[in-house]
Structure formats: structure tokens, C-alpha cells
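S.K.: The sequence isn't on hand, but the structure is:
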DNA sequence: CTCAAACACGTGTATTTACACGCAATGCTC
DNA sequence: GAGCATTGCGTGTAAATACACGTGTTTGAG
């Protein structure tokens, strides 16, 4: 009966620990890891609606709305309107690109610590996480 | 440059997904997976202070205070006072043991889904998570 | 014994997250 | 073209989380 450790609790615990490690590494950048990661994903996705961004990142649309609000107030994200006046299309600003470039080394340091401690098994970890993420709801 | 996926974002994503899977499995029990896991850990730890419980579970003491509040109101946790009047010692109640026994099969079903999808690599996953959890702050 | 340091707690506040709900805009059916 | 279903959004609310701060309790130095 060593099978008593909850996979969910374990994952949540790891996520808390790793989040604090990244947040500490990013201290001074002005970004939390949640903000920085979201900006990265938005930059990658290009201008898109909140629903589309949520589908790409796995966040709820309303979570994005609230996460983006301070970033927009700080000038890192701007909303434009496309043809569909329902959709609010967001994109990163030049100021965000600059701030992200400055923050990138801090993120890379944290990422390197992870990669090092995983000793080449990062892809293996990701593959395992992909499997449980892929379970049908 | 395939190394661009943030380990932290990945872990947070997985934790969100898995949490919703467990919460769905536990629906009807009246417990969230956070509550159920915490009760399990408290039962294992035995009567202890919030600080000690936090050290055992990796939660902040204040998080435990707030998570335990509704559980105490529902009669699943009780606070007793030991010799040290600073410390609030908490323990699970018989009602909690009963409710947990009823909930156990639901949790096991969710856990089994995880274990199955990991195909025998659960211990490997845990070992990888242990490694990054063990990084110094 | 006294009093300051150390300890344990709870609350205020803030972040991250998502569900339920309602409103505005679009599209589709007839 | 009118009306209804669909889509996209924002807000209210709530859970989980932790940091800063203040209060009460214990301990230890003198």
C-alpha cells in the first residue's frame, strides 16, 4: 500500500514549489512567472481573441481577462478590434518585447536549473505530463 | 530551439488539468481534492499544529488555516489545545473518517485513471518531481 | 524574576484560477 | 427582413495560495 500518494496533490505541490522558484528568479523583472509565460504565449500566438488564446494556453478566458488587465494597464498588452466587434483581440506591445528581452536571461537561468536537475529527463517528464493532460475530461 | 517550453508553465498547466479531473471524480462527496488530500495528510500526521502540518504538506500555515476553516465548521476537523497555548492543534474527527471512507473509492478511481495513463511510470514521474522539488530555494 | 527574543497564530491583502450569469454582436432559418 | 441560436465578452463570486503585519505566549539571558 505504498500507492497512497495522490498524483494530484503531488503535482500541485510541485507546481507551487516551481512557481516560487521561477518567481524568485524573475524578481526585479516586474513580472510574475504567470505573467511572463502568458506574454510569451501571446507573442507566439500573435494577435488573437481571448477565447483563442485560452484554447492555446489552456486557461479559462476569464482568467486571461484578469491576468491581462494589469499588463494592459502597464502598457505591455493592447487591445485592438477586428471585424467582429464581439471579439477583443489582444497583442503584445513593443514595450513588452523589450521588457521580455530583458527578462529572458532571468527566465533562462531558472529554466536551466530545472533542466540541470532533471539531468536530461526533461523530455521524459514532459511526455509523462502530456499523457495525463491528454486524459478525457 | 525546441527548449522554449517553460517547465513551470507546463507543471502549472498539468496541475490545473489534473485538479479538475480529481474534482470531477470527487463531485458528490462534498470534498474538493484539496480538502480531501489535506484531510488525508492530517489523518496520517495525527494531531499537530498548523505550522507542523504545513511543514509536512508543503503548504503555508495561513493557507491551512483558511482551508481548514470550512472543514472545521462542517465538523470534519476539531481544534484542541495542548500545553502550549500558542499552538492550535488540529485533528480529524470521526465524522471525517467516515466521510473519507465513503469518498475513498471516488479518489481511487481518479488515481487509477492517472496510474493507468502513466502505464507503470508513476514512480518515475514522482522521482522526477522529487528532483525539482528538492532544489534549494 | 524580568524583559526581550523567538515562536505560533489569525487577518488583511493580493494573485491565480474558474464557473455561473447576463449582455452585446453575429449568423442562420424561414 | 425578423427572430432565435450561437458566439464572445466582462463581472460577481468563490477556492487555493502565500506574504506582511500585528497580537498573544513561551523561553531564555541576565
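M.R.: Nice, thanks for sending it over. Note that the structure is predicted; figures quoted are calculated from it, not measured. Residues are numbered from 1 along each chain as shown, chains lettered A, B, ... in the order given.

S.K.: need the residues of chain A near DNA strand D, please.
M.R.: A:12, A:16, A:20, A:49-51, A:61-62, A:65-66, A:79, A:84, A:86-89 (Cβ under 7 Å from any atom of the strand). Quick note: C-beta positions are derived from backbone N, CA and C, even for glycine.

S.K.: Go ahead and confirm residue A:38 touches residue A:56.
M.R.: No: assessed by Cβ atoms under 8 Å, residue A:38 is found out of contact with residue A:56, at 10.6 Å.

S.K.: Comparing those two, which residue is more hemmed in?
M.R.: Counting neighbours by other Cβ atoms under 10 Å in any protein chain shown for residue A:38 and for residue A:56 shows that residue A:38 has the greater number, 23 against 13.

S.K.: picking that back up, sort out which one of the residues of chain A next to DNA strand D lies nearest residue B:97 for me.
M.R.: residue A:12 (23.4 Å; Cβ to Cβ).

S.K.: contacting residues for the closest one?
M.R.: The neighbourhood of residue A:12, defined by Cβ atoms under 8 Å, 6 or more residues apart in numbering or on different chains, consists of B:15, B:18-19, B:34.

S.K.: Show only the entries of the residues you listed found in helices.
M.R.: B:15, B:18-19, B:34 (DSSP state H).

S.K.: Near DNA strand C, which residues of chain A are found?
M.R.: Counting by Cβ under 7 Å from any atom of the strand, chain A sits next to DNA strand C at A:32, A:34-35, A:58-60, A:62-63, A:66-67, A:70, A:83-86.

S.K.: Need the max-distance pair from these.
M.R.: A:32 and A:83 (33.6 Å).

S.K.: Between the two, tell me which one has more neighbours.
M.R.: More crowded of residue A:32 and residue A:83, by other Cβ under 10 Å: residue A:32, with 16 against 6.

S.K.: Perfect, I'm done here.
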